[in-house]
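Novice: Okay, here's the prediction I keep looking at, along with the sequence it came from:
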Amino acid sequence: MDRYSRQIPAVLSEGAAPGLLDGTGAAIAVEEVPETERLRAAVRATEQRLQDLARDLGAVVWEADVPSGQFRCVSGPVEAILGYAVEDWLADPDFWAAHLHPDDREPWRAFLQGVTAGRRVQACEYRVVAADGSLIWLHGIARRVTSSAGSGIQVRGVMVDISERKRAEEALRESEARLRSVVTTAPVVQFAVDHAGVVTLSEGKGLEILGLLPDDALGRSIFDLYRRRPDDLAYFRRALTGDAVSWVGSFDDATFEYRLTPTRDGSGGVSGVVGLAIDITARKQAEEARLALERKLLETQKLESLGVLAGGIAHDFNNLLVGVMGNASLALASLPPGSPAHDGLRHIEVAAQRAADLTRQLLAYAGKGQFVVQRLDLNTIVEEMTPLLRISIAKTARLGYALAERLPAIAADAAQIRQVLMNLVINASEAIGDGDGSITVGTSVVVADRALLADTVLGLDLPGGEYVCLEVADSGRGMDAATAARIFEPFFTTKFTGRGLGLAAVLGIVRGHKGALTVSSEPGQGTRFRVLLPTADPSADGFPVPPPASPREWHGEAERDRGTALLIDDEAEVRDVTAHMLERLGFTVLRATDGQEGVEVYRRHPERVVVVLLDMTMPHMTGEQALGELLRVKPDARVVLMSGYSEHEATRRFAGKGLAGFLQKPFRLADLHGKLQQVLAEPTLKSL
């Protein structure tokens, strides 16, 4: 036995070859094993362990000759990672280079050159096209192990699959790119300061709004940058003590929302602050616009509600005045000439007429005044009123004009527009008082969009387009915001005397004409009113004006037997005084307390009744409903509508429905007399 052999004792089994004997005479089997085989077995076991270790770690161990590129050895999970058999790598020297990503072939060559140059260890990351066509990222390290003449250079290395890490890095880069894109395109500023308040980061599109570049603030102290903004500095100090804070701050015309979050070091102490400043200028402006719109809407709703209230009051008040004015006129007609009661009754009638004038102003405020719409030139109306305006203002006030040439026509009621102008000029004169001052009346054309109209009184729902503007400006004492907000309310006045209905009437007239107005005033700076009126349709030549009445004369009040009149009204006082008037004019009167009763009475006497006086607002059956029923009974029935509302407001619902006339409450005997003359004198009607 030589030194490369060893003896391995074994218990001889039956049939074993004879061998050595031990001290007891037992046989001992001796097997001679070459030492080289033992070493080879140990190497194989070590290699297997290394291969198992490489496989478990996901690493490919390789050895190659340089510069030929021939792989001498490839082990590990190469097939699992790349899908290629080991034999493919060993058989073809160009196999590896052919499967490298084209962009990574040059870096791979540089990697091998670095290894062969004698550097201890080289590292490289590269992509390989796997058998299924996918790209696998590998991280490789290698070193030169031998260098002998004629035998080339050997390089050994390890490759590890880092595809998952690369995908995670790519996702992170994409996320960072998206975040940076948001920061660089959105109106925000991203910044950071260290524990001493020095700016370490400042970027974002929001910097442009402030006129800054990303590097302008770097390295500067936040306490220096904000030294003139102590309120903002207080928030930064709080953040540097560990509080997360947020607030809204403004720079010139820009508004930012700040959010500061402290950062902490390993020991929990504050290491700095990261922050975000978001430009909310547009949002704030939109919010302010929304609030302004809400205020306008509430103001419009309030004015509409007050208008309904004023209209209702005027209607009911006119019904009451029918009794006062009607009875006074009846009493006057019954008195003999020279009666001492004549003057007193005349004063009652005049007072009732003044009360009726007040109700007309209330109806004007409610937008329910009397309208005779025509095609008008505003400049002509202003010029015609000049003499009246000059005597209506204080002697110390100077009246001037700034009238635009060639104004478009407006569709309006001339009397109502005159009232608007007169009320505004008188209001301007009262604002000037006893001192010197000026009043300027101007006209112009305004092309108004929806935004401009939304900023006016009454203009919220008006369409954009061309409007004719009437402007009255004064140099008087002006108004504060609280006063200006209430000037159009009925009965609101700042004067010791006055009813507070002048500007309320202006508002109602403008509302009735589908216009808008603005008021600008400051204490001590005067006031300017601007009234916007829609232009008339240029294709229309004009608007119909009711023809003047040409009633046939009635011959004397003693003439009787004019026929039967049906009086339908739910107010007892109105029925009584109107019935007395009708009887004095020679009519026999049938009375009804509402529309339903009136229709029933008319059905019983259709040929007997020559005229019907019908109230508009009644319970059970409205005047409009009653008119339809009356005309069904007799299509040529003469029906006169009575109302405390104006003719325009009352008859617009009866247009084309067969009304013979309208009588405005309150009315005198003479008014009733004239209206019945007009209605009963129509040539197509039977003469009485």
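Specialist: Looks like it came in fine.

Novice: Could you use CA atoms for every contact and neighbour count after this?
Specialist: Will do.

Novice: Quick one: neighbours of the closest residue in space to D94 that isn't next to it in sequence, just the number.
Specialist: Leaving aside its chain neighbours, D94 sits nearest to G69 (7.2 Å; criterion: Cα to Cα, 6 or more residues apart in numbering). Neighbours of G69 under the rule other Cα atoms under 10 Å: 18.

Novice: element containing G69, please.
Specialist: Assigned by DSSP states H and E, G69 belongs to neither a helix nor a strand.

Novice: Am I right that V78 is in contact with V60?
Specialist: Yes - counting by Cα atoms under 8 Å, V78 touches V60, with 5.9 Å between them.

Novice: residues contacting L566?
Specialist: Contacts for L566 (Cα atoms under 8 Å, 6 or more residues apart in numbering) come out as V589, L590, R591, A592, G598, Y602, V609, V611, V612, L613.

Novice: same thing but at 10 Å, please
Specialist: Residues in contact with L566 (Cα atoms under 10 Å, 6 or more residues apart in numbering) are 579, 582, 587-592, 598-599, 601-602, 605, 608-614, 639.

Novice: How about I136?
Specialist: So I136 contacts 81-82, 100-101, 126-130, 161-164, 166 (Cα under 10 Å, 6+ apart).

Novice: Next one: the residue nearest to D94 from R109, what distance?
Specialist: Using Cα to Cα, to the nearest Å, G69 is found at 10 Å from R109.

Novice: what touches both of those two?
Specialist: In contact with both G69 and R109: A97, using Cα under 10 Å, 6+ apart.

Novice: And D92, its phi and psi?
Specialist: Backbone torsions of D92, given as degrees, to the nearest 10, read phi -120, psi 120.

Novice: right, and it touches F71 too?
Specialist: Yes - D92 lies in contact with F71 (Cα atoms under 10 Å); the separation is 8.3 Å.

Novice: and those two? which has more neighbours close in?
Specialist: For D92 versus F71, the count of surrounding residues by other Cα under 10 Å is larger for F71: 24 against 12.

Novice: Could you find the closest non-adjacent residue to the more buried one?
Specialist: F71's closest residue in space is A64 (Cα to Cα, 6+ apart), at 4.1 Å.

Novice: Looks to me like the one you found is in a strand.
Specialist: Yes - under DSSP: H, G, I helix; E, B strand; the rest coil, A64 falls within a strand.

Novice: how many other residues sit next to it?
Specialist: 20.

Novice: What residues are bridge-paired with it?
Specialist: F71, V155 (DSSP bridges).

Novice: Contacts only, for the residue nearest to D94.
Specialist: G69 neighbours (Cα under 10 Å, 6+ apart): E63, D92, P93, D94, F95, W96, A97, L112, Q154, V155.

Novice: Show the backbone phi and psi for it.
Specialist: When read as degrees, to the nearest 10, the backbone of G69 gives phi 80, psi 10.

Novice: Can you read off the pLDDT for it?
Specialist: Here, the pLDDT recorded for G69 equals 72.

Novice: Please convert the buried members of the contacts of L566 into ChimeraX selection syntax.
Specialist: Remark: buried members of these, expressed as a ChimeraX selection using 16 or more other Cα atoms under 10 Å:
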select :579,582,587,588,589,590,591,592,598,599,601,602,609,610,611,612,613,614,639
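
Novice: In helices, which of the contacts of L566 appear?
Specialist: When the contacts of L566 are checked against helices (DSSP state H), the matches are A579, L582, G598, V599, V601, Y602.

Novice: sec struct for F662, please.
Specialist: With three-state DSSP as the basis, F662 sits in strand.

Novice: Let me know whether it touches G674 as I believe.
Specialist: No - F662 lies out of contact with G674 (Cα under 10 Å); the separation is 11.4 Å.

Novice: Just the C-alphas of the helix or strand hosting V60, formatted as PDB.
Specialist: Using DSSP H and E, V60 falls within strand 59-66. Extracted C-alpha coordinates of strand 59-66, given in PDB (Å, rounded to 0.1, in the frame of the first residue of the first chain):
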ATOM      1  CA  ALA A  59     -26.200  34.000  -8.700                       C
ATOM      2  CA  VAL A  60     -24.500  32.700 -11.800                       C
ATOM      3  CA  VAL A  61     -20.800  31.900 -11.400                       C
ATOM      4  CA  TRP A  62     -18.800  32.000 -14.600                       C
ATOM      5  CA  GLU A  63     -15.200  31.800 -15.900                       C
ATOM      6  CA  ALA A  64     -14.100  33.000 -19.300                       C
ATOM      7  CA  ASP A  65     -11.000  33.500 -21.400                       C
ATOM      8  CA  VAL A  66     -10.200  37.000 -22.500                       C
END
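
Novice: can you point me to the longest helix in this protein?
Specialist: For the chain, the longest helix by residue count, based on DSSP H, is helix 281-334.

Novice: Could you measure from the residue nearest to I393 when sequence neighbours are not counted over to A97?
Specialist: Leaving out its chain neighbours, the residue that sits closest to I393 by Cα to Cα, 6+ apart is S429, at 5.4 Å. Here the criterion is Cα to Cα. By it, S429 lies 100 Å from A97.

Novice: now swap in Q416 and tell me
Specialist: The value you get for Q416 to A97, if Cα to Cα is used, is 97 Å.

Novice: These two: who's more crowded?
Specialist: A direct count of neighbours by other Cα under 10 Å for Q416 and A97 places Q416 higher, at 23 against 16.

Novice: and the residue lying closest to the more buried one once chain neighbours are set aside, what helix or strand is that in?
Specialist: In space, and not counting its chain neighbours, Q416 is closest to I509: 6.5 Å by Cα to Cα, 6+ apart. Using DSSP H and E, I509 maps to helix 502-512.

Novice: what helices or strands is that helix leaning on?
Specialist: With contacts taken as 3 or more Cα pairs under 10 Å, 6 or more residues apart in numbering; DSSP states H and E, helix 502-512 sits against helix 281-334, helix 342-365, strand 410-413, helix 414-432, strand 516-521, strand 527-534.

Novice: Out of these, which is the most enclosed?
Specialist: Of those, the one with the most neighbours on average (mean count of other Cα atoms under 10 Å) is strand 527-534, at a mean of 23.

Novice: partner strands of that strand, parallel or antiparallel?
Specialist: With DSSP bridges as the test, strand 527-534 is paired with strand 465-474 (antiparallel), strand 516-521 (antiparallel).

Novice: so what does the helix or strand following the first one touch, helix or strand wise?
Specialist: Beyond strand 465-474 on the C-terminal side, the first helix or strand identified by DSSP H and E is helix 481-484. The criterion is 3+ Cα pairs under 10 Å, 6+ apart, and the helices and strands that helix 481-484 contacts are strand 516-521.
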